[in-house]
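A.B. asks: Coordinates for the following, if possible.
(2 chains)
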Amino acid sequence: MEERTRAYLRGRFRDYYRRAEITPPPAPESREWGYIPWTTGPDTRMIRHRSVLDIGDIETFLERERPRHVYYSAGLYEDPGANSMDEKGWQRSDLVFDLDADHLPGVTLGEDSYAEMLATCKDALRRLLDFLEDDFGFENMEIVFSGGRGYHVHVRDERIRHLEREHRREIVDYVRGIGLEFDHLIETETVAGMGRETPTERRILRTSGGWGERLHDRFVSFLDDLLAMDEEAALERLQSFDGIGEGKATAALNAATNNRAAIEAGNVTVHTAIAQLAQRFAERTVEAENAPIDEPVTTDTNRLIRLPGSLHGGSSLAVRRIDRADLTDFDPLVDAVPETFTGHEIRVTVDRGGPVELGGDTFTVTEGEQSVPEHVAMFLMARGRAEKEKETGA
Amino acid sequence: MDALYARYPFLEAAREAVAEEAVDLATVVETEPAVVERAASRVEWALETGEVGDPAPDNRVELLSYPVARVLVSLVGERVLVRRYARAEAAVAHERFVADLADTTELKSVDSSGLDLDGLLAEFDLTESVREAPSLAGDATSPAGGSATQSPASATARSSDESTYLLEVGAYLPLAADCWGDEWRLVNRALADGEVPVTETELLTLLQEAVGSRVAEGLPFPDVPDPIADALEAEAADLRELVAELELVREIDTVVPELFPPCMKALLDDIQKGEHLPHHSRFAITAFLSSIGMTTDEIVELYRVNSAFGEQMTRYQTDHIRGETSPTEYSPPSCATMQSYGDCVNMDDLCERIPHPMAYYEQRLDDAEDEDGEIEDWRETLEGEAAE
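C.D. replies: Numbers count the residues shown, from 1 in each chain, chains lettered A, B, ... in the order given. Next comes the predicted model:
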């Protein structure tokens, strides 16, 4: 990045911060703050271990320093400005989730467009919120577009802020479905002698919550589809599962037909063929419903996270808080474009052209010197794809 | 009340009772041999059988023997002892409160030495975090319609009349963290609306964990006052000998990769390079790292240098190693086993004198300490990083 480009971005970041209203996270004085300045050279380092006492009022600080990136800690400390974690005196931490398009299974890097990656990421976010809202029943959550390639969720529910690293790992494994064991989703009931039968054991899938309920819902709706098909198609479908041949498929179909109600009540072990089939569903359910969050972010109780409302120095987009009710309509490539950067054009030299989707439009930028809308220019320059031209030369 | 405290000496109220009596521990250990004797037997039993032995007939002696036992454990200063002792106290407490709970429900005993579930939950600040689950009839509302035809079966009570409790997930996770077995993992639990259903038996197991943590809290005490330490020196020496006799693996809790034996260095190097290791080799290095005090997270972090190391596999394997065998009794493969698998490489002088990779590492650590070198634990180099 050339000096002129850097100076321009830095100047425009200040203009943004002059106008923006930044709401800091709760208890800013107990958090560590860090930022990356717009310095030259490859050894751009994060300045961290700062407290609010060191940097002063957040809005004033941002306007003065107009950093390239700015972060605060998920952790709250007695002495957040201390230089080592031991001295800081950890008290508790927000529980933070990070979904990053770079790490999502459904994303093909280099092939998917930025908008497509973000859309895949939003699907994953929806699945994550299902877990956080329904399974965990968390209160006090904040959903944030990261300004880059994904979304963050900050959970500040007092009932879980004391959890340490190893406990948070269990939460990670839960939303990712890691370590799920079909056998442990099953509860054994002893059925007292019914009619002629002697007391016997019945194995019931726990359907009152957790992955058991997810698996069950999927399984029951699969059986519904199956029973709606003609027999031949149903058998064929069943045989598409590993280890299910013609015999087992027939047995499973018969068992499903005859025991529909019992299966719906959770008794997936009415027949061994059904049990085997249900077991196959554990894997499928995890594949379809897990939320592929970035694990180290959630387990690190000292993590630094981007400040909502600030600008992302790698995209010039704003890090945006999103109201839960507005999530469906939220379009990061429109709603995170800072207004300050819209409405006029500037001249740049583009090094790497290509399509750019931003502000509701798709531009195909060619290489070379040209005028483009400023928000597009800011995006390209921040990404290192363009350099600023002298306005006077225009 | 003394009876209750003698039975459950870890209770906060028991601690206060000891303090209120203005009991000076130094005087006790100097003048009351019965207390010291009982304290020593608590710890001996813990080491040898996992229990704490028969209570002293006198409630006061029994109660006072608990704080003295914790001092003894501290004087020996071995972490393995702290863990064994806490586990034993917790196991005995569990046995007792299970009996007490059965007693109050069946015999309505008014004996004040009993503890009820509410009292236990309150003791560990869990009152607000636990509630009894609504009855099964309430649960059955979820499956729509179809289940009506199942009435004879679904009306059947569970295997026992055991109650189910709902425990807030924030309280569940720390308590279940040390429970062994995949059934305790959150992913296998019917978590709904922030609550984890547990049976009464499971709840009592979790309370046992809470007792264990309480007993181990603050142990070993960093500075036991000299008069107390002097008075207990003989008992502490006996216990030290007992620990040595039982050949509990010396607990290493220092991670200095430069001092690893050549075989482990080589394996770690391969993993960090992203090479595919056979199962026995992975097992050997992971077991070794686990035995020198590294947690699963730390092992993953150490392997992470190369991104292709297979995080999930590492986690499974490490958890497996921890879950299947008690960490104090578990040890990584010996030199003989390493040799037979072809994992013994780059032997040096020290290798020829030791039978086990752990012995090699212990020796190197001791040497490094003797040389007065500053040992930097690899884990101290880790700290919070910034997210994207």
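A.B. asks: Now do the SS call for the residue most central in space within chain A.
C.D. replies: Nearest to the geometric centre of chain A sits residue A:99, at 2.5 Å (Cα atoms, centre = their mean). Residue A:99 falls in the strand class when you classify it by DSSP: H, G, I helix; E, B strand; the rest coil.
A.B. asks: How is the chain divided into domains?
C.D. replies: Picking chain A for this. A:3-175+A:293-340, A:182-289 (automatic domain parsing).
A.B. asks: wait, chain B
C.D. replies: If you go by automatic domain parsing, chain B breaks into B:2-105+B:219-245, B:117-135+B:155-214, B:257-387.
A.B. asks: Output the below-cut-off pLDDT ranges for the chain.
C.D. replies: Answering for chain A, as no chain was given. For chain A, the stretches flagged by pLDDT under 70 are A:41-43, A:190-200, A:391-394.
A.B. asks: I was after chain B.
C.D. replies: Using pLDDT under 70, the flagged stretches of chain B are B:1, B:22, B:104-114, B:135-161, B:247-251, B:305-310, B:320-331, B:372-374, B:382-388.
A.B. asks: From residue A:127, how far out is the residue nearest to the centre of chain A?
C.D. replies: With the distance defined as Cβ to Cβ, to the nearest Å, residue A:99 ends up 9 Å from residue A:127. Placement of C-beta: from N, CA and C, glycine included.
A.B. asks: if I look at the two, which residues touch both of them?
C.D. replies: Common neighbours of residue A:99 and residue A:127 (criterion: Cβ atoms under 8 Å, 6 or more residues apart in numbering or on different chains): residue A:291.
A.B. asks: what about residue A:60, how many residues close to it?
C.D. replies: Residue A:60: 11 surrounding residues under other Cβ atoms under 10 Å in any protein chain shown.
A.B. asks: Over to the one 5 residues further on?
C.D. replies: Other residues lying near residue A:65 total 19 when counted by other Cβ under 10 Å.
A.B. asks: Look up phi and psi at it.
C.D. replies: Torsion angles at residue A:65 (phi, psi; degrees, to the nearest 10) stand at phi -90, psi -30.
A.B. asks: Remind me which helix or strand the one residue in the stretch 251-394 of chain A that gets nearest to chain B belongs to.
C.D. replies: In the stretch 251-394 of chain A, the residue that lies nearest chain B is residue A:302 (2.8 Å; Cβ to the nearest Cβ). Using DSSP states H and E, residue A:302 sits in no helix or strand.
A.B. asks: Could you see whether chain B lies near the helix or strand harbouring residue A:296?
C.D. replies: Using DSSP H and E, residue A:296 sits within helix A:295-299. Yes - using Cβ under 8 Å from any Cβ of the partner chain, helix A:295-299 reaches chain B at A:295, A:296, A:297, A:299.
A.B. asks: The stretch 101-250 of chain B: helices as residue ranges?
C.D. replies: Assigned by DSSP state H, counting those that start in this stretch, the helices in the stretch 101-250 of chain B fall at B:117-123, B:136-139, B:151-154, B:169-176, B:200-216, B:226-231, B:233-245.
A.B. asks: now do chain A
C.D. replies: Secondary structure of chain A by DSSP state H: the helices cover A:3-19, A:52-55, A:58-65, A:85-88, A:114-130, A:165-176, A:210-228, A:231-239, A:246-258, A:260-264, A:272-289, A:295-299, A:332-335, A:374-382.
A.B. asks: Need the contact partners of the first one.
C.D. replies: Counting by Cβ under 8 Å, 6+ apart, helix A:3-19 makes contact with A:38, A:40, A:59, A:62-63, A:66-68, A:311, A:313, A:316, A:318, A:338, A:340-341, A:374, A:378, A:381-382, A:386-388, A:390, all of which sit outside it.
A.B. asks: ok, now stretch A:244-260?
C.D. replies: Stretch A:244-260 is contacted by residues A:223, A:226-227, A:231, A:234-235, A:238-239, A:263, A:267, A:270-274, A:276-277, A:280, B:146 when judged by Cβ under 8 Å, 6+ apart.
A.B. asks: and what of stretch B:3-10?
C.D. replies: Under the contact criterion Cβ under 8 Å, 6+ apart, stretch B:3-10 has outside partners B:11, B:13-14, B:17, B:55, B:59-60, B:62-63, B:65-67, B:89, B:93, B:96-97, B:111-115, B:211, B:214-215.
A.B. asks: so how far is stretch A:143-162 from its chain's centroid?
C.D. replies: Here stretch A:143-162 is found 9 Å from its chain centre; the criterion is Cα atoms, centre = their mean, to the nearest Å.
A.B. asks: near chain B, anything from it?
C.D. replies: Yes - for stretch A:143-162, a contact with chain B is found by Cβ under 8 Å from any Cβ, at A:146, A:148, A:149, A:150, A:152, A:157, A:159, A:160, A:162.
A.B. asks: which residues sit in contact with the last one?
C.D. replies: Residue A:162 is in contact with A:92, B:170, B:174, counting by Cβ under 8 Å, 6+ apart.
A.B. asks: who wins for neighbours among these?
C.D. replies: Top of the contacts of residue A:162 by neighbour number is residue B:170, holding 21 neighbours under the definition other Cβ under 10 Å.
A.B. asks: In contact with it, which residues?
C.D. replies: Contacts for residue B:170 (Cβ under 8 Å, 6+ apart) come out as A:157, A:159, A:160, A:162, A:163, B:129, B:194.
A.B. asks: now swap in residue A:30 and tell me
C.D. replies: Taking Cβ under 8 Å, 6+ apart, we find residue A:30 in contact with A:76, A:77, A:78, A:80, A:91.
A.B. asks: Give me every residue in the stretch 1-150 of chain A that's in contact range of chain B.
C.D. replies: Near chain B, when you scan the stretch 1-150 of chain A using Cβ under 8 Å from any Cβ, you find A:34, A:46, A:48, A:71, A:73, A:75, A:84-85, A:96, A:98, A:100, A:134-138, A:146, A:148-150.
A.B. asks: swap that for the stretch 251-394 of chain A, please
C.D. replies: Selection of the stretch 251-394 of chain A residues close to chain B by Cβ under 8 Å from any Cβ yields A:260-262, A:264-267, A:294-297, A:299-306.
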